[in-house]
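Visitor: predicted model and sequence below, questions to follow.
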6 protein chains.
Amino acid sequence: MRATALLSALNPLRPLDTVDAHCDLMCGVYNPAQARIEAESVHQIAVKYHASDDETFRQRCVIIKEERAELVKHHLSVLWTDYFKPEHLEAHPDLHTTFWNAIKAAGEAKKTMDPTAGEELLRQIDAIGDIFWATKGGKPEWMTA
Amino acid sequence: MRATALLSALNPLRPLDTVDAHCDLMCGVYNPAQARIEAESVHQIAVKYHASDDETFRQRCVIIKEERAELVKHHLSVLWTDYFKPEHLEAHPDLHTTFWNAIKAAGEAKKTMDPTAGEELLRQIDAIGDIFWATKGGKPEWMTA
Amino acid sequence: MRATALLSALNPLRPLDTVDAHCDLMCGVYNPAQARIEAESVHQIAVKYHASDDETFRQRCVIIKEERAELVKHHLSVLWTDYFKPEHLEAHPDLHTTFWNAIKAAGEAKKTMDPTAGEELLRQIDAIGDIFWATKGGKPEWMTA
Amino acid sequence: MRATALLSALNPLRPLDTVDAHCDLMCGVYNPAQARIEAESVHQIAVKYHASDDETFRQRCVIIKEERAELVKHHLSVLWTDYFKPEHLEAHPDLHTTFWNAIKAAGEAKKTMDPTAGEELLRQIDAIGDIFWATKGGKPEWMTA
Amino acid sequence: MRATALLSALNPLRPLDTVDAHCDLMCGVYNPAQARIEAESVHQIAVKYHASDDETFRQRCVIIKEERAELVKHHLSVLWTDYFKPEHLEAHPDLHTTFWNAIKAAGEAKKTMDPTAGEELLRQIDAIGDIFWATKGGKPEWMTA
Amino acid sequence: MRATALLSALNPLRPLDTVDAHCDLMCGVYNPAQARIEAESVHQIAVKYHASDDETFRQRCVIIKEERAELVKHHLSVLWTDYFKPEHLEAHPDLHTTFWNAIKAAGEAKKTMDPTAGEELLRQIDAIGDIFWATKGGKPEWMTA
């Protein structure tokens, strides 16, 4: 069974002549959901922090939000340099600035317990997701079904 | 703004009286997509391994598949013990066996370059995803939209 | 020198026809002591937390306990899916529940500074240790000597 | 003793009115040497790979180069989003492209055992180092002495 | 319940007036078993490597032995600087050399698939274990029982 | 191009007949700057802790200082056992004690928010740097230029 057939079986929505055909990367699997899910944690931790007056719980919020925001930064950085190629940059000339701001937003969300920092981060990741899925021609069925 | 209002704003499909209301965990954010995405890597790496005869590329396949399968195991273990509660077990009496087999399938996928090991892993994760999203009352809009 | 001879030299108490003979895993080395030692840290950190009124010390207790409990969860998960086989499950039908509860107990010990959470965790790990060493036919000499 | 006095004691070459004064980050310590040293490893590993015909040694080269190149990517990403501020971007309008290319060069150096990939990576990191140290007004004495 | 009472309950063999009483460390839990168990993996991986002619299995042996030996180094380093105190050094003037050689032996075991490197490492860790348990007045009951 | 030529191109100050010629290690790249930079973070975090009264900021200081000091310990341990060889020990008979104290100083700097602990750590790392660069015959040009 050829790789394209397997890819097709895995994701029937995905055209076989995607930019992945020129992909020089390892596994070719990218998904902004990874950054999004960690950013949801960042956001929810800040929400739950304010709903609690337990000192240990609140300290754990600070610790775990730090880790989760670091994972957001990592996942965004991987998307920026590993997935996106010069041809994407032509279609999206603000791509660098978009990622710079989103990764900085993850850094900001480390510094505060204000849930709006996490909301802002989610907004920026969703904007990246829109760009990403446009280059893919849509989400895979396992996400949308 | 209350946590439930924020949750609702974040995911309008999610009923406010979910089992999360009894959740004693940190951030309450779980998503089987994390295991699924890493398992896609595991699968694709095995596919691409066979499509290449570059020795360095193939050694990197072995290395990176090992890491990705380890992440699958971690994400599945978190779902099993952190998300699922005794009340879920009543509704899904095979839950323990389902996870045991899925985590073992991730271990099997470390041992072989046969892409069918990754396909089998994806199938088991998707079965867990079905159980998970049933307990949630559906996926969030950012996945399905 | 054959592997079985080396194994025997390493641990004269271990019969050569153990279940390891069917082991498809990497190195075949498992030891619940790994989970036990990290759980001792979890427990002791909670004890020492209450004996101190130094703010920095107490915050470090929360941080380090979080890490150590995470390691407990990892070590237990490895034992559950990598060491234990279907034939063990027949002899120990409560195996899944035992591990589920022990890993959940490690999660509980993250959430509280009450040393009884660590004591409970140690108790559950020792119960797993009893099952484990029974399948092995006894501990290695380097532990007992 | 004030922070600026300590900073001054630590690095007498560093003017006290640096951009750090507006720094909202954690510790304010950045140094492209971290990326440079890992990139030297990446480069040397490729050199030594070709000088050896020991199979285990060569496989370890592939493994360790992968890790080191990943560290290069991490250190560069931290510099890009945590150290550099909008005012730097005005003075260095190619900053985003410079980092994008350098992080991509680290990715390329993972894929090949050709030492020129590591040489190219070092060249790009040194160019970033020049920009960085210009914003700082020179290197600290512990580096140059 | 006081810490000493808990310690005593945990390990009835351990005298209450141990050097731990002067311990300035975090949790006071140290155990050379951590290094020993990882070193057993290092050793067994080399043994199993030679018993297999599966290319993927053998590459995984190189990868996982590297990780396990790194963990041995870490655990030994923690024992050396965190557990051992100047008063131990007086009683064991070769302590530094003993650890230097053992950590170097872990490094050597990374470089070769010869199982004797792992055997030598185990021997050196057991010698450290003897020194360690002598300072403790014996092993805890959960190890020996 | 031979490895020595490349090494020479990389660092013209470095004599080609260095002790590295006997080096059995992986990449031969060592630099005490790695420990120094993390120790600067340890120091600056303690300085900035006292300049702030924001509770979240101060908790993050404790968390991040813990991580950075751990990295210092790791980098020092690597230098001690991987770089330094028996012939260095003859020339520097206090080498073991110097490293033991420096790694212990990193441990001390975890325990306190007093910036003098970080200052002391930096002093000890600089002393190690002096020994290290003496064995190398000087720093590379990318550091000093």
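Guide: Received it, and whenever you're ready, just let me know what you need.

Visitor: where are the low-confidence patches of chain A?
Guide: Residue ranges of chain A with pLDDT under 70: A:1-27.

Visitor: right, and chain F sits closest to which residue of chain A?
Guide: A:V62 (4.6 Å; Cβ to the nearest Cβ). Placement of C-beta: from N, CA and C, glycine included.

Visitor: nearest spatial neighbour of that residue, skipping sequence neighbours?
Guide: In space, and not counting its chain neighbours, A:V62 is closest to F:Q59: 4.6 Å by Cβ to Cβ, 6 or more residues apart in numbering or on different chains.

Visitor: A:Y83 now?
Guide: A:Y30 is the one closest to A:Y83 (Cβ to Cβ, 6+ apart), at 4.3 Å.

Visitor: do you know how far that neighbour is from F:T112?
Guide: Applying Cβ to Cβ, to the nearest Å, the value for A:Y30 to F:T112 is 43 Å.

Visitor: show me which of those two is the more surrounded one.
Guide: Higher neighbour count among A:Y30 and F:T112: A:Y30, with 22 against 15, using other Cβ atoms under 10 Å in any protein chain shown.

Visitor: give the buried residues for the longest helix seen in chain A.
Guide: Secondary structure of chain A per DSSP state H: the longest helix is helix A:55-78. The neighbour-count check on helix A:55-78 (16 or more other Cβ atoms under 10 Å in any protein chain shown) flags A:56-69, A:71-78 as buried.

Visitor: just the CA trace of that helix, in CSV.
Guide: The C-alpha coordinates for helix A:55-78 follow below in CSV (Å, rounded to 0.1, in the frame of the first residue of the first chain):
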residue,chain,number,x,y,z
GLU,A,55,-3.2,28.2,48.9
THR,A,56,-1.8,24.9,47.6
PHE,A,57,-4.3,24.8,44.7
ARG,A,58,-3.4,28.3,43.7
GLN,A,59,0.4,27.6,43.8
ARG,A,60,-0.2,24.5,41.7
CYS,A,61,-2.1,26.8,39.2
VAL,A,62,1.0,29.0,38.8
ILE,A,63,3.2,25.9,38.3
ILE,A,64,1.1,24.1,35.8
LYS,A,65,0.1,27.2,33.9
GLU,A,66,3.8,27.8,33.4
GLU,A,67,4.3,24.3,32.0
ARG,A,68,1.3,24.5,29.7
ALA,A,69,2.2,27.9,28.3
GLU,A,70,5.7,26.6,27.6
LEU,A,71,4.1,23.7,25.6
VAL,A,72,2.0,26.2,23.7
LYS,A,73,5.2,28.1,22.8
HIS,A,74,6.9,24.9,21.7
HIS,A,75,3.9,23.7,19.5
LEU,A,76,3.6,27.2,17.9
SER,A,77,7.4,27.3,17.2
VAL,A,78,7.2,23.9,15.5
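
Visitor: I'd like the next helix or strand past it.
Guide: Moving toward the C-terminus from helix A:55-78, the next helix or strand (DSSP states H and E) is helix A:86-91.

Visitor: distance between that following helix and the chain's centre?
Guide: With Cα atoms, centre = their mean, to the nearest Å as the basis, helix A:86-91 stands 19 Å off its chain's centre.

Visitor: what does it contact?
Guide: For helix A:86-91, the external contacting residues (Cβ atoms under 8 Å, 6 or more residues apart in numbering or on different chains) are A:19, A:95-96, A:131, A:135.

Visitor: go again using 6 Å as the cut-off
Guide: The contact list for helix A:86-91 (Cβ atoms under 6 Å, 6 or more residues apart in numbering or on different chains) reads A:95, A:135.

Visitor: A:I131: neighbouring residues, count only.
Guide: Residues lying near A:I131 (other Cβ under 10 Å) number 18.

Visitor: one more: A:D94?
Guide: 12.

Visitor: and A:E141, by the same measure?
Guide: Look at A:E141: counted by other Cβ under 10 Å, it has 12 neighbours.

Visitor: can you check the one 3 residues further on too?
Guide: Number of residues near A:T144 (other Cβ under 10 Å) recorded here: 12.

Visitor: again with A:R36
Guide: Neighbours of A:R36 (other Cβ under 10 Å): 23.

Visitor: for it, give its distance to chain B.
Guide: A:R36 is 6 Å from chain B, where distance means Cβ to the nearest Cβ, to the nearest Å.

Visitor: hmm, that residue is touching A:R123, no?
Guide: No: using Cβ atoms under 6 Å, A:R36 makes no contact with A:R123, being 10.9 Å away.

Visitor: list the buried residues in whichever strand or helix holds A:E119.
Guide: According to DSSP H and E, A:E119 maps onto helix A:115-136. In terms of neighbour count (16+ other Cβ under 10 Å), helix A:115-136 has its buried residues at A:115, A:117-122, A:124-126, A:128-129, A:131-133, A:135-136.

Visitor: give me the subset of these that also touch chain B.
Guide: When contact is defined as Cβ under 6 Å from any Cβ of the partner chain, those do not meet chain B at all.

Visitor: sec struct for the residue nearest to A:Y83, please.
Guide: Using DSSP: H, G, I helix; E, B strand; the rest coil, the secondary structure recorded for A:Y30 is coil.

Visitor: what's near enough to touch A:V29?
Guide: Counting by Cβ under 6 Å, 6+ apart, A:V29 makes contact with B:40-41, B:44.

Visitor: just the buried residues of those.
Guide: With neighbours counted by 16+ other Cβ under 10 Å, those contain buried members at B:40-41, B:44.

Visitor: distance of whichever residue of chain A sits closest to chain C from C:L76?
Guide: Proximity of chain A to chain C (Cβ to the nearest Cβ) peaks at A:Q59, 4.6 Å away. Using Cβ to Cβ, we find A:Q59 at a distance of 25 Å from C:L76.

Visitor: what strand or helix carries the spatially closest residue to A:T97 that is not a sequence neighbour?
Guide: Take A:T97 and drop its neighbours on the chain: the residue closest to it by Cβ to Cβ, 6+ apart is D:H96, 7.1 Å away. If you go by DSSP H and E, D:H96 is part of helix D:95-111.

Visitor: which outside residues touch that helix?
Guide: Contact with helix D:95-111 is made by A:81, A:96, D:42, D:66, D:69, D:72-73, D:76, D:80, D:89, D:117-118, D:120-121, D:124, D:128, as judged by Cβ under 6 Å, 6+ apart.

Visitor: tell me which residues of it come out buried.
Guide: D:95-96, D:98-111.

Visitor: what about the residue nearest to A:W133 when sequence neighbours are not counted, how many neighbours?
Guide: With sequence-adjacent residues excluded and distances taken as Cβ to Cβ, 6+ apart, A:W133 is closest to A:K139, at 5.5 Å. Here the count is done by other Cβ under 10 Å, and A:K139 has 21 residues near it.

Visitor: state the three-state secondary structure for A:K139.
Guide: coil.

Visitor: list phi and psi for it.
Guide: Torsion angles at A:K139 (phi, psi; degrees, to the nearest 10) stand at phi -80, psi 160.

Visitor: cool, and A:P93?
Guide: According to degrees, to the nearest 10, A:P93 has phi -60, psi -20.

Visitor: can you tell me how far it sits from A:I131?
Guide: Taking Cβ to Cβ, one finds A:P93 at 12 Å from A:I131.

Visitor: same question for A:N31.
Guide: Separation of A:N31 from A:I131 (Cβ to Cβ): 13 Å.
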